[in-house]
Each structure stands twice: as structure tokens, then as C-alpha cells.
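Asks: any chance you can model this:
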Amino acid sequence: MPAMQALRPRPANVALAIGFAVAGSLAGAFHHPASWRPFDGWAYLLTLVIALALALRDDLPFGVLVVTAAGFAGYLLLGYQPSLNFWVPAVAFISVAAREGRGRIVCGVALLAAVISLSGVCGGLPRPLVVVQALIVPAVAFAVGLTQRRLAARNAELRRLTALLDQQQRQEARRAVLDERFRIARELHDTISQHMTIVTLQTGLAEYVFHSDPPSARKALETAAAAGRESLEELRRLLVVLRTYDLGGASGPEDPADPLPDQVLAGIDRIPALAESLEAAGVRVEVRFAGERRPLHAGVELCAYRVVQEALTNVVKHSGSATAAVSVRYLDDELCVTVLDEGGPHSVTSAAGSGHGLIGMRERAKIWHGSLTAGARPGGGFQVRLRLPLGQDRDGGRPVT
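Replies: Got it, this is the predicted structure:
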């Protein structure tokens, strides 16, 4: 029963089978050569069996060839005149050549040649013509079947490649989503971490001296409020960037060639203001610039600023140092940024750099073909050094994605 359910003739094959059955019956009914047996009921039955078997030629190609060849041979041996039934075994063999293995194709050639030869002999054709006919018909049918086989193989390969391409596109889409999530997470970490550290320290100080030193508590709360407002402003800028701009390039909503507005992304020029904001947390930061200062790619500027921001935040959170130094050097083909701190008695900063902050800094440097090193200094403290090549800025290079 399952095997019968699997046999689903194609409409084209059904139409072909019905066409041969009707045409063969009409040819036998209206064409009566005197030397042949009259076209009676058995002739109609054999004609229908031979022709209608073609409906299954794609599902059972070799079986259909056997049925059509045997039916046509019996039709001839009973003395009926050759009609359009002559072409049915040849059409059946096309499916054999297109779908079956080499062994069955060889058997099919022999079977088709034999029945074509029998048709020629029964039709009284000269022997040379019988031989030529027995060779040409299988050869033509084999060529047509081989063409169908190659076309089916190419279609199968095309479907495979299409499925592979679709899978790759899905993977690329998932990877793009993950990259965007990492970028957003990195931006949120870099934006919030420093300000929340200041808010936490200052509110803790205010709570500690709330009754003993109200002016200091009031000043600490003012500092915490200012840091909170700055954090909200940074988040607003970040949302504008994520909704409108590409952090990796200089594309804007109107013209892809337009640079990013200065008020949208943080840059190197904001490092001194960042250093001043940390004084409220008890850390004095000295900022030094060297070399010819010049505007850089917006993404490079943001990368340098975020690395300095994260490094200084780690100084406040982990080092315990009261001083830090930031050095920004503009070289001919490189931007070198160094953040130093002298360390403190409660330092937990690790030279291994396994925290999320150091991981994010290294990711930022890698995006712009740069490098970042972080580790303990021989004399104590910690050092973070960022190197960003500037050749990409002059030649319009794109970041690594």
C-alpha cells in the first residue's frame, strides 16, 4: 500500500500517455492495410496498455520499458499493423537513460533494439533498413535521456548551492546580530561604567558623612548628580548613534560621504574633560599631548576616547591610586595612547586583562587594525597602551568587521 501511494504520475506523463492511447486507437481504427489482421478489441486493449504505461515512466522507468516493449512485441506477433505504438518503447527508454544505472541502461538498449528490429521484420522492411532502424532509434532515445540526466544533475546542484547560500546568509545574519549585540554591550559598558562608579562612590561617601559633615555630603551628592546627568547625556548620544549612524565608518543618514557630527561621538578632545570629571572621585589625572594634533577618523577618535575612559575607570575602581597620567602622541602614521597609574594598596588590577573592560578595549583596537597591551609596571602600578595605525584614515580604509 505505501508503495502504491508513492506512485504519483506527473500530469505531463499522464497527458502523454493518454495522447498516445487516443492517437494509436484512431490510427488503428481508420487505417486498415489489407495484409494485416483487422484492428479488433484485443488490438485496442494492447494499444491502451502499451500507451497508458507511460504515465509511470518517471516512477518505474525500467518496468515501464519492459511492459511497453513486451506489449508491442505481442501486438506485432498477433499480426496487427505497426502504428504509433512503435514510438512508445522509445519514449519509455528515454526515462531509463535519464534515471537508471548503467546496467539497466545496457539492458534497455538491447530490449529496445530487439523490439524495433521485430517491428521492421514484421513490417517487411529490407534487412539493412531494419539494422539501421534498430541502431538509430535507441541511439537517439539514449541521447535525449542523457541530456535529461545532465539537466537534472545540474538542477540538483543548483538546489544544493541555493540551500547552501541560504544557510550561509542565515549564518551571516546571525553573526551580524551577534556583532551588533557585542557593539551595543561594549558601548553601554564604556558609557555607564565610569559614571556609575562615580555615582556609587559619591553616594557612599555622602551616606557615610551625612550627619558628621553635611557640607561634604552635599558636595558628594552634587557630584553624583552631575555624573548621573552626564551618564544620561552619554546614553542619549549612544542611542542617536545606534539608531542613525554606523560607528565603524563615516556614514550619515543623508549622504554617506558626510562625516559624523562632533556632538554625536566622543573624541580625543574630550579626554581633558573626562580627566576633570574624575577629580571628584579623588583621582588627579594629568593629560599630555605630543605631536601634531589633527582631526582623525570618527571611529578612531571614539576608540581612543573609550580606551582612556575604561582605563581611568579601572584606576578609580581597582587601583586605589590618587594620580594617573594620560599621554596621547600623534605620530606620522600612528596614534599612541598610554594610560599610567602608580597603583595603590588595594589594587586588584590583573596584568592578565581578563575583565570585560580589557576585553572590550582589545576588541576596539582590533576593529581599527590596532593593538592594545595592558599589564603591571615594573615599579608598581598598571599601564595600558593603545596603538592605532593612521594610514587607514588617509586612504579611506574601513574598520575590520
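Asks: tell me the mean pLDDT over stretch 308-317?
Replies: Stretch 308-317 carries an average pLDDT of 84.
Asks: what residues does it touch?
Replies: Here stretch 308-317 makes contact (CB atoms under 8 Å, 6 or more residues apart in numbering) with 189-190, 193-194, 197-198, 201, 266, 271, 274-275, 278, 281-283, 285, 321, 324, 326, 337, 339, 341, 349, 355, 357-358, 360-361, 374, 382, 384. Placement of C-beta: from N, CA and C, glycine included.
Asks: mind redoing it with 7 Å?
Replies: Outside stretch 308-317, the residues that touch it by CB atoms under 7 Å, 6 or more residues apart in numbering are 190, 193-194, 197, 271, 274, 278, 281, 283, 285, 321, 324, 326, 337, 339, 341, 349, 357, 360-361, 384.
Asks: same deal with stretch 285-295?
Replies: 271-272, 275, 278, 312, 324-331.
Asks: let me see the ranges of the helices in the protein.
Replies: 2-6, 11-30, 41-52, 61-77, 88-99, 102-122, 127-208, 214-244, 271-278, 298-314, 356-367, 391-394 (DSSP state H).
Asks: mind checking these for the one nearest to Pro378?
Replies: helix 298-314 (18.4 Å; CB to CB).
Asks: now the closest one and helix 127-208, what's the angle there?
Replies: Interaxial angle, helix 298-314 versus helix 127-208 (axes from the mean of the first three to the mean of the last three CA atoms, to 10 degrees): 40 degrees.
Asks: low-confidence ranges, the stretch 301-401 of the chain, go.
Replies: Judged by pLDDT under 70, the stretch 301-401 of the chain has its weakly predicted residues at 319-320, 343-356, 392-401.
Asks: and the strands in it, which stretches?
Replies: For the stretch 301-401 of the chain, strands defined by DSSP state E, counting those that start in this stretch occupy the ranges 323-330, 334-341, 371-376, 382-389.
Asks: and the first one, what does it pack onto?
Replies: It stands for strand 323-330. helix 271-278, strand 284-291, strand 334-341 (3 or more CB pairs under 7 Å, 6 or more residues apart in numbering; DSSP states H and E).
Asks: let's see that with 10 Å instead.
Replies: Under the contact criterion of 3 or more CB pairs under 10 Å, 6 or more residues apart in numbering; DSSP states H and E, strand 323-330 touches helix 271-278, strand 284-291, helix 298-314, strand 334-341, strand 382-389.
Asks: not counting the first one itself, show me its contacts.
Replies: Counting contacts by CB atoms under 10 Å, 6 or more residues apart in numbering, the residues outside helix 271-278 that touch it are 194-195, 197-198, 223, 226-227, 230, 266, 270, 283-287, 289, 304-305, 308-309, 312-313, 315-316, 324-326, 328, 337, 339.
Asks: filter those residues down to the buried ones.
Replies: 194-195, 197-198, 223, 226-227, 230, 266, 270, 283, 285, 287, 304-305, 308-309, 312-313, 315-316, 324-326, 328, 337, 339 (16 or more other CB atoms under 10 Å).
Asks: picking that back up, with distance to Ala365 as new columns, can the strands of the stretch 301-401 of the chain be given to me in JSON lines?
Replies: Formatted as JSON lines, the strands of the stretch 301-401 of the chain follow (distance: least, CB to CB, whole Å):
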{"stretch": "strand 323-330", "distance to Ala365": "15"}
{"stretch": "strand 334-341", "distance to Ala365": "10"}
{"stretch": "strand 371-376", "distance to Ala365": "4"}
{"stretch": "strand 382-389", "distance to Ala365": "6"}
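Asks: to Phe20, which of those strands lies closest?
Replies: So among the strands of the stretch 301-401 of the chain, strand 382-389 is nearest, using CB to CB, at 75.3 Å.
Asks: so what strands line up beside that closest one?
Replies: strand 334-341 (antiparallel), strand 371-376 (antiparallel) (DSSP bridges).
Asks: what angle sits between it and helix 356-367?
Replies: Interaxial angle, strand 382-389 versus helix 356-367 (the same axes, to 10 degrees): 20 degrees.
Asks: for strand 382-389, which positions count as buried?
Replies: Of the residues in strand 382-389, 382-389 count as buried by neighbour count, 16+ other CB under 10 Å.
Asks: now do stretch 286-296
Replies: 287, 296.
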